[in-house]
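>>> Have a look at this prediction, sequence included:
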Amino acid sequence: SQTIHQWPATLVQPVGSPLSLECTVEGTSNPNLYWYRQAAGRGLQLLFYSVGIGQISSEVPQNLSASRPQDRQFILSSKKLLLSDSGFYLCAWSRTSGETQYFGPGTRLLVL
Amino acid sequence: SQQGEEDPQALSIQEGENATMNCSYKTSINNLQWYRQNSGRGLVHLILIRSNEREKHSGRLRVTLDTSKKSSSLLITASRAADTASYFCATAFGDYKLSFGAGTTVTVRA
């Protein structure tokens, strides 16, 4: 069966510090991968998606970036965090585009 | 931008009652999906209905889709305390992406 992992679960970082959130998927190959951000009590905002190694599409211009160094690894990064980067970050994967997405447990980020 | 919008924003019902929530969208879709999110957790996929389908069932869940009205409904029958969660509709259109609404928060009272 397939599983998706995210870490860390919770992160408190000062403004201006770097960020690296990791997501890995097990039990499938060549998945589509997604990073979402969810503000408190809100819906999901798609940040990045990837259909293959090294292929990243950005949905929202901001100080975040994403990379896919391996088939089942997706990393969300920032060189300098802003207060507005606080939120709940969710990674997801799907077998094909536009079909069911399977979500990780999420990372709660608080930037102080 | 969000294509799907859920209604109502919040719903409080007694255990054993049915819960109905609606989703409206703006453009043609390939499919529409419903997800559940328990507080502080990731989303869990509930059901996917394709644009050529009108109704789908999964256990106590019933989903309808009316493409002429660009709307969908999710019915949870005989609700339980464990159904307390936020429910999101997501529309699939174009390539690769799902567009999520802001969700309906359901509280089931014992």
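Cool, the structure landed.
>>> Tell me, please, where in chain A the pLDDT is lower than the cut-off.
A:61 (pLDDT under 70).
>>> Geometric centre of it: which residue is closest?
Central residue of chain A (C-alpha atoms, centre = their mean): residue A:35, 3.2 Å from the mean position.
>>> bridging residues for that residue?
residue A:48, residue A:91 (DSSP bridges).
>>> do the same with residue B:19
Going by DSSP bridges, residue B:19 forms beta bridges with residue B:76.
>>> ok, it - contacts?
Residues counted as contacts of residue B:19 (C-beta atoms under 8 Å, 6 or more residues apart in numbering or on different chains) are B:11, B:13, B:75, B:76, B:79, B:83, B:106, B:108. No exception for glycine: its C-beta is placed from N, CA and C like everyone else's.
>>> Just the buried subset of the residues you listed, please.
Buried members of those, scored by 16 or more other C-beta atoms under 10 Å in any protein chain shown, are B:11, B:13, B:76, B:79, B:83, B:106, B:108.
>>> residues contacting the second one?
Right, residue B:13. Residue B:13 touches B:19, B:79, B:106, B:107, B:108, B:109, counting by C-beta under 8 Å, 6+ apart.
>>> In helices, which of these appear?
Assignment to helices by DSSP state H places none of these there.
>>> among those, which are in strands?
The members of these that map onto strands under DSSP state E are B:19, B:106, B:107, B:108, B:109.
>>> which residue packs closest to residue A:8, ignoring adjacent ones?
Distance criterion C-beta to C-beta, 6 or more residues apart in numbering or on different chains; nearest residue to residue A:8, sequence neighbours excluded, is residue A:107 at 6.1 Å.
>>> how deep is that neighbour tucked in, by neighbour count?
Counted by other C-beta atoms under 10 Å in any protein chain shown, the residues lying close to residue A:107 total 21.
>>> How about the one 5 residues further on?
Burial of residue A:112, expressed as a neighbour count using other C-beta under 10 Å, amounts to 10.
>>> My guess is the residue nearest to the centre of chain A contacts residue A:89. True?
Yes - at 6.7 Å, residue A:35 counts as touching residue A:89 under the criterion of C-beta atoms under 8 Å.
>>> What number of residues are in the vicinity of residue A:9?
So residue A:9, with other C-beta under 10 Å, has 10 neighbours.
>>> which ones are touching the nearest residue to it once chain neighbours are set aside?
In this structure, residue A:9 finds its nearest non-sequential neighbour in residue A:107, 6.3 Å apart by C-beta to C-beta, 6+ apart. Residues near residue A:107 by C-beta under 8 Å, 6+ apart: A:6, A:7, A:8, A:9, A:10, A:11, A:21, A:88, A:89.
>>> rerun that using 10 Å as the cut-off
Taking C-beta atoms under 10 Å, 6 or more residues apart in numbering or on different chains as the criterion, residue A:107 is in contact with A:6-11, A:19, A:21-23, A:76, A:87-91.
>>> Would you write a PyMOL line that selects the buried entries of the residues you listed?
Remark: buried members of the contacts of residue A:107, expressed as a PyMOL selection using 16+ other C-beta under 10 Å:
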select buried, chain A and resi 6+11+19+21+23+76+87+88+89+90+91
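>>> Compute the first-to-last residue distance for stretch B:100-110.
Using C-alpha to C-alpha, to the nearest Å, one end of stretch B:100-110 lies 29 Å from the other.
>>> do it and chain A meet at all?
Yes - contact of stretch B:100-110 with chain A (C-beta under 10 Å from any C-beta of the partner chain) involves B:100, B:101, B:102, B:103, B:105.
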